[in-house]
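S.K.: structural data only, the sequence is not supplied:
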């Protein structure tokens, strides 16, 4: 510290000593420079001590500092550190470099803070010096070891090159996955809106069927209802591309499945390919498989076959009972009894290179934008997940046969019929149901269902409106609640209702929602759009007669 005039130096030293910062008073500039060379961390100087002094030696010392060093100076000045107020500040900044200014009179806290900040900076410089020394020592050691490590580095470089190639493959697959994830998110939103539309169509068809006696009109309404249900199944199949679905295997007659898909295959493939009469085995064993996923697989194989053929090609589907021995390839089925369904085309066939990669996810021989490369990998995944396998027979220019082996079921096939055959009317009079859905048409259909069943329906078009009705109507016995709504969605609204009236039965209705979001909702508190009146009747009846615990959505 250099403050030879007045008591500033003594006061500043006392303040710093009290704050735990040792301060050494210097009588002149030469002594100050000597203390700096001995290792001082900071120089506090009153500007009058430099006003008429030769600071060239001090400036030369600053210029000679090593690269890691930037010695800090704190100048106590009467006129601040700005060039406008103190023209000498520029000269001192240029001469000394790292200069901070503290205008007098100063507050003790300000002085202590400025000194500690400067000392911390100086400490970082010392740490940098040590790091530089360590780096230089490491460089020297590295140079000595280069020769002995050359062979190891060459091996590491070869390994790195292999890893880079593998990483590029993974990144390509990741980009494909991200693209499909984006498509999947879009699909989920489309599915929600599409299922709302199908709910309206199916609901109105059911209502009209009750009021029509003309056989021709009844037949047309039946066709409309079946087309709407097929649309619901197609929506579910679309979602299979974007999210992992839980398989629901059951005993299935593959011959019936192939027969039922004839019209769907023809409408999907178009008229450019002839679909031959299927060759269906007599006394075919029942297969254990999820029928919805199986239909999607057969449809994918048929589309792939069409793309491999020119106009006029033929497609043949066969079924057969098969007993296999131990598998010789990863995709082949294990030893056992299987039901085989195959799709054969007379198209271009596969080369050995394509055949070797046929089941790889994202691998495709189609042009960019014309295929995701998930067709055969999905076939492989379903067959393996079901306990079976896949085989490919192909020849370039002669066509391809893809065989799917599905495990034989122990039980006979059970026709898939609706669980909801009979309408279950309200068990009591004046049972009030609050219907909440942002789609007016869906609300109207749902309310119509309920009124026919003997319930009293109250409609709300938003979460806020529903909550207001719920608070003022004590006679509400249950709620049918759309899960995906703008603003206050179904989950939030359910929590609000449960907090106001614990135990009130809530039935969630959804066209599509994230499975995780509805994980806490039991199956008897969830109905999927598009739903039929009988399904809604049974859900409500079970919920009101034997109410389960409140749902914490």
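M.R.: Perfect, thanks for sending it. Note that the structure is a prediction, hence the values are computed from the model and not measured.

S.K.: in stretch 193-204, what counts as buried?
M.R.: 194-204 (16 or more other Cβ atoms under 10 Å). From N, CA and C alone the C-beta is placed, and that goes for glycine too.

S.K.: what about it, distance to the chain center?
M.R.: In terms of Cα atoms, centre = their mean, to the nearest Å, the centre of stretch 193-204 is found 28 Å from the chain centre.

S.K.: now it: mean pLDDT?
M.R.: For stretch 193-204, the mean pLDDT works out to 80.

S.K.: one step back: CSV for the buried residues of stretch 193-204, including distance to residue 284 and secondary structure?
M.R.: CSV is the format used below for the buried residues of stretch 193-204 (distance: Cβ to Cβ, whole Å; DSSP: H, G, I helix; E, B strand; the rest coil):
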residue, distance to residue 284, secondary structure
194, 35, helix
195, 34, helix
196, 40, helix
197, 38, helix
198, 33, helix
199, 37, helix
200, 40, helix
201, 36, helix
202, 33, helix
203, 38, helix
204, 40, helix
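
S.K.: next, format those residues as a markdown table and append distance to residue 98.
M.R.: Formatted as a markdown table, the entries for those read as follows, by distance: Cβ to Cβ, whole Å:
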| residue | distance to residue 98 |
| --- | --- |
| 194 | 69 |
| 195 | 70 |
| 196 | 70 |
| 197 | 73 |
| 198 | 75 |
| 199 | 74 |
| 200 | 76 |
| 201 | 79 |
| 202 | 80 |
| 203 | 80 |
| 204 | 82 |
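
S.K.: which of the residues you listed lies closest to residue 314?
M.R.: Distance to residue 314 across these (Cβ to Cβ) is lowest for residue 194, with 33.9 Å.

S.K.: wait, doesn't that closest one sit right on residue 231?
M.R.: Yes. In terms of Cβ atoms under 8 Å, residue 194 counts as a neighbour of residue 231; the distance is 7.3 Å.

S.K.: what's near enough to touch residue 254?
M.R.: When contacts are counted by Cβ atoms under 8 Å, 6 or more residues apart in numbering, residue 254 touches 284, 287, 294, 319, 339, 341, 406.

S.K.: now do the same for it: its pLDDT.
M.R.: Per-residue confidence (pLDDT) for residue 254: 92.

S.K.: for the chain, name the helix or strand with the lowest mean pLDDT.
M.R.: Using mean pLDDT, DSSP states H and E, helix 215-242 stands out as the lowest-scoring helix or strand of the chain, at a mean of 72.

S.K.: and after that helix, which helix or strand comes next?
M.R.: Helices and strands here follow DSSP states H and E; after helix 215-242, the next one along the chain is strand 250-252.

S.K.: what does that next one contact?
M.R.: Identification of contacts with strand 250-252 by Cβ under 8 Å, 6+ apart yields 286-291, 294, 409-414, 416.

S.K.: mind giving me the ChimeraX command for buried ones among these?
M.R.: When burial is assessed using 16+ other Cβ under 10 Å, the buried subset of the contacts of strand 250-252 is captured in ChimeraX by this command:
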select :286,287,288,289,290,291,294,409,413
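
S.K.: please narrow the contacts of strand 250-252 to those residing in strands.
M.R.: Counting by DSSP state E, the part of the contacts of strand 250-252 found in strands is 287-289.

S.K.: show me which of those is closest to residue 393.
M.R.: Where the ones in strands among the contacts of strand 250-252 are concerned, and distances follow Cβ to Cβ, residue 393 has its nearest neighbour in residue 287, at 20.5 Å.

S.K.: show me what the longest strand belonging to the chain is packed against.
M.R.: The strand of greatest length in the chain, counted in residues with DSSP E as the criterion, is given as strand 313-324. With contacts defined as 3 or more Cβ pairs under 8 Å, 6 or more residues apart in numbering; DSSP states H and E, the packing partners of strand 313-324 are helix 254-260, strand 273-275, helix 291-307, strand 336-345.

S.K.: show me which positions of that strand end up buried.
M.R.: 313, 315-320, 322, 324.

S.K.: what sits up against that strand?
M.R.: With Cβ under 8 Å, 6+ apart as the contact definition, strand 313-324 has outside contacts at 254-255, 258, 269, 272-276, 278-281, 283-285, 298, 302, 305-306, 309, 332-347, 389, 405, 408.

S.K.: now list the buried members of those residues.
M.R.: Applying a neighbour-count criterion of 16+ other Cβ under 10 Å, the buried members of those are 254-255, 258, 269, 273, 275, 278, 280-281, 284-285, 298, 302, 305-306, 309, 332-333, 338-347, 389, 405, 408.

S.K.: so, low pLDDT: which residues of the stretch 1-150 of the chain?
M.R.: When residues are selected by pLDDT under 70, those of the stretch 1-150 of the chain lie in 79-87.

S.K.: which parts of it are helices?
M.R.: Ranges of helices within the stretch 1-150 of the chain are 8-18, 29-38, 48-51, 56-63, 88-96, 108-211, based on DSSP state H, counting those that start in this stretch.

S.K.: and the last one, what does it pack against?
M.R.: Counting contacts by 3+ Cβ pairs under 8 Å, 6+ apart, the secondary-structure elements packed against helix 108-211 are helix 8-18, strand 73-77, strand 99-103, helix 215-242, helix 440-453.

S.K.: ditto for the fifth one
M.R.: Here helix 88-96 is seen to pack against helix 56-63, strand 73-77, strand 99-103 when contacts are counted using 3+ Cβ pairs under 8 Å, 6+ apart.

S.K.: deepest in the core, which of those is it.
M.R.: strand 73-77 (a mean of 22; mean count of other Cβ atoms under 10 Å).

S.K.: which residues does that strand contact?
M.R.: By Cβ under 8 Å, 6+ apart, the residues outside strand 73-77 that reach it are 3, 8, 12, 42-47, 50, 81, 86, 89, 92, 96-104, 106, 114-115, 118.

S.K.: repeat that for stretch 433-449.
M.R.: When contacts are defined by Cβ under 8 Å, 6+ apart, stretch 433-449 is touched by residues 196, 199-200, 203-204, 206-207, 450, 455-463, 466, 469-470, 473, 476-482, 485-486, 490, 493, 509, 529, 533, 536-537, 540.

S.K.: can you rerun that using 6 Å?
M.R.: Counting by Cβ atoms under 6 Å, 6 or more residues apart in numbering, the neighbours of stretch 433-449 from elsewhere in the structure are 196, 199-200, 203, 207, 450, 455, 457-461, 466, 476, 478-482, 485, 533, 536.

S.K.: now the terminal residues of it, how far apart.
M.R.: End-to-end distance for stretch 433-449, by Cα to Cα, to the nearest Å: 11 Å.

S.K.: in it, which residues are buried?
M.R.: Neighbour counts using 16+ other Cβ under 10 Å place 433-439, 442-449 of stretch 433-449 among the buried residues.

S.K.: stretch 482-497 too?
M.R.: 482-485, 488-491, 493-494, 496-497.

S.K.: Throw the residues you listed into JSON lines and include pLDDT, distance to residue 132 and secondary structure, thanks.
M.R.: Output for the buried residues of stretch 482-497, formatted as JSON lines (pLDDT from 0 to 100; distance: Cβ to Cβ, whole Å; DSSP: H, G, I helix; E, B strand; the rest coil):
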{"residue": "482", "pLDDT": "89", "distance to residue 132": "66", "secondary structure": "strand"}
{"residue": "483", "pLDDT": "83", "distance to residue 132": "62", "secondary structure": "coil"}
{"residue": "484", "pLDDT": "79", "distance to residue 132": "60", "secondary structure": "coil"}
{"residue": "485", "pLDDT": "83", "distance to residue 132": "63", "secondary structure": "coil"}
{"residue": "488", "pLDDT": "84", "distance to residue 132": "61", "secondary structure": "coil"}
{"residue": "489", "pLDDT": "82", "distance to residue 132": "59", "secondary structure": "coil"}
{"residue": "490", "pLDDT": "85", "distance to residue 132": "62", "secondary structure": "helix"}
{"residue": "491", "pLDDT": "85", "distance to residue 132": "58", "secondary structure": "helix"}
{"residue": "493", "pLDDT": "90", "distance to residue 132": "63", "secondary structure": "helix"}
{"residue": "494", "pLDDT": "90", "distance to residue 132": "63", "secondary structure": "helix"}
{"residue": "496", "pLDDT": "91", "distance to residue 132": "63", "secondary structure": "helix"}
{"residue": "497", "pLDDT": "92", "distance to residue 132": "67", "secondary structure": "helix"}
